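S.K.: just the structure for this:
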Amino acid sequence: MGMLGLKIDVDTYWGMKNGVPRLLEVLRDFRIKGTFFLSIGPDNSGRAALQLIKNPLFLKKMLRTKAASLYGWKTALYGTLLPAPMIALSFPDLVHQIIHEGHEVQFHAWDHRRWQDDLPKKSEQWIERWFESGINGFEKLTGHQPTAFGAPSWLIDDRVLKTIEKYHFEYLSCTRAKTPFIHDKLIIPEIPSDLPCFEELDPQKDIAIIGGLIKDASHHVLPVHAEVEGGIFEAKFRELLKNALATETKIVRLIEMKSNLDVDLLLQRRHRMDLLPGRHSPCAL
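M.R.: Modelled structure (predicted):
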């Protein structure tokens, strides 16, 4: 029997407010559980306008995915013409609902946009403060520290891995790779996303492509975004889940995939940064 882990990233205020409730309904309808990686702090999505000028691939992605429909017009102004609202911290009751319904909740970001755009230029001290702010906020919402971290946009470097050591995470999900492994110089298992995101593919073919990859009865991790599968691609997400369950694939939280790992057999590997098809910036592979 194959296993499909659902890694659900919540990147924006819109995604938390609108996408998460819709995803909870979808998961409830299929009687399955997933792992929600939450952005805790400010939504500075409006700063992405700078990327439209600097990165032609980003503009291409925004047009291909119909970003205005995904994120709403206010999101394009947060952190610039509109104040940056807190993401998960604005919805403590919703965080409690996610947990109450049996889903796993883990740490994704403090300020997703600044990490995504500026990490290479930031100091090690900035990275440490970013983690401290995010984890303190996570603890305020849940009453405990997170046991896993999934880096925004799969962007990491050696300074990030050094900071991660301080928090004793049980597992990481920070890369795009085919199989789990151990990060070089760390003893923490990495459960990577091996399947493509919906928004990286042609919207008319994504179900067939991803569904075909799942049919091999192996273990896979699907990266889901609250703004996408909890938005205009909800029907396609439902179709994918229906098809996966029809093949007797077990859909699970990432903590269950971690529990099935024999860590002693995992290879130690070092990440590299590269550009995947359909993405606008390099991510850790």
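S.K.: show me where the stretch 51-200 of the chain has strands.
M.R.: For the stretch 51-200 of the chain, strands defined by DSSP state E, counting those that start in this stretch occupy the ranges 104-109, 148-149, 171-172, 181-183, 189-190.
S.K.: next, count neighbours for residue 246.
M.R.: Counted by other C-beta atoms under 10 Å, the residues lying close to residue 246 total 10. To be clear about C-beta, it is placed using only N, CA and C from the backbone, and glycine gets the same treatment.
S.K.: skipping its backbone neighbours, what lies nearest residue 177 in space?
M.R.: Nearest non-adjacent residue to residue 177, counting by C-beta to C-beta, 6 or more residues apart in numbering: residue 192, 3.8 Å away.
S.K.: which residues touch the one you found?
M.R.: Applying C-beta atoms under 8 Å, 6 or more residues apart in numbering, one finds that residue 192 lies in contact with 173-181, 221.
S.K.: lowest-scoring secondary structure element of this protein by mean pLDDT?
M.R.: Within the chain, no helix or strand scores below helix 56-64, which has a mean of 51 by mean pLDDT, DSSP states H and E.
S.K.: can you select the buried ones from the contacts of residue 192 in PyMOL?
M.R.: Buried residues among these (16 or more other C-beta atoms under 10 Å), as a PyMOL selection:
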select buried, resi 173+174+175+176+177+180+181+221
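S.K.: adding distance to residue 161 and pLDDT, write the contacts of residue 192 out as JSON lines.
M.R.: Formatted as JSON lines, those follow (distance: C-beta to C-beta, whole Å; pLDDT from 0 to 100):
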{"residue": "173", "distance to residue 161": "14", "pLDDT": "98"}
{"residue": "174", "distance to residue 161": "9", "pLDDT": "98"}
{"residue": "175", "distance to residue 161": "11", "pLDDT": "98"}
{"residue": "176", "distance to residue 161": "16", "pLDDT": "98"}
{"residue": "177", "distance to residue 161": "15", "pLDDT": "97"}
{"residue": "178", "distance to residue 161": "20", "pLDDT": "96"}
{"residue": "179", "distance to residue 161": "19", "pLDDT": "96"}
{"residue": "180", "distance to residue 161": "16", "pLDDT": "97"}
{"residue": "181", "distance to residue 161": "13", "pLDDT": "97"}
{"residue": "221", "distance to residue 161": "20", "pLDDT": "98"}
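S.K.: quick one: which of the contacts of residue 192 is nearest residue 245?
M.R.: residue 221 (16.6 Å; C-beta to C-beta).
S.K.: so the closest one sits in a helix?
M.R.: No: note on residue 221: no helix contains this position according to DSSP: H, G, I helix; E, B strand; the rest coil, which reports strand.
S.K.: am I right that it is in contact with residue 254?
M.R.: Yes: in this structure, residue 221 is within contact of residue 254 by C-beta atoms under 8 Å, at 7.0 Å.
S.K.: overlap of the contact sets of those two?
M.R.: 5-7, 173, 191.
S.K.: kindly reformat those as a markdown table containing distance to residue 272.
M.R.: Output for the shared contacts of residue 221 and residue 254, formatted as a markdown table (distance: C-beta to C-beta, whole Å):
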| residue | distance to residue 272 |
| --- | --- |
| 5 | 23 |
| 6 | 26 |
| 7 | 21 |
| 173 | 17 |
| 191 | 18 |
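S.K.: now a PyMOL select for only the buried ones of these.
M.R.: In PyMOL syntax, the buried subset of the shared contacts of residue 221 and residue 254 is picked out as below (16+ other C-beta under 10 Å):
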select buried, resi 5+6+7+173+191
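S.K.: ok, of the contacts of residue 192, which one's closest to residue 167?
M.R.: residue 174 (12.9 Å).
S.K.: count the neighbours of the residue nearest to that closest one when sequence neighbours are not counted for me.
M.R.: Excluding its sequence neighbours, the residue lying closest to residue 174 (C-beta to C-beta, 6+ apart) is residue 151, at 4.0 Å. If you count neighbours by other C-beta under 10 Å, residue 151 ends up with 25.
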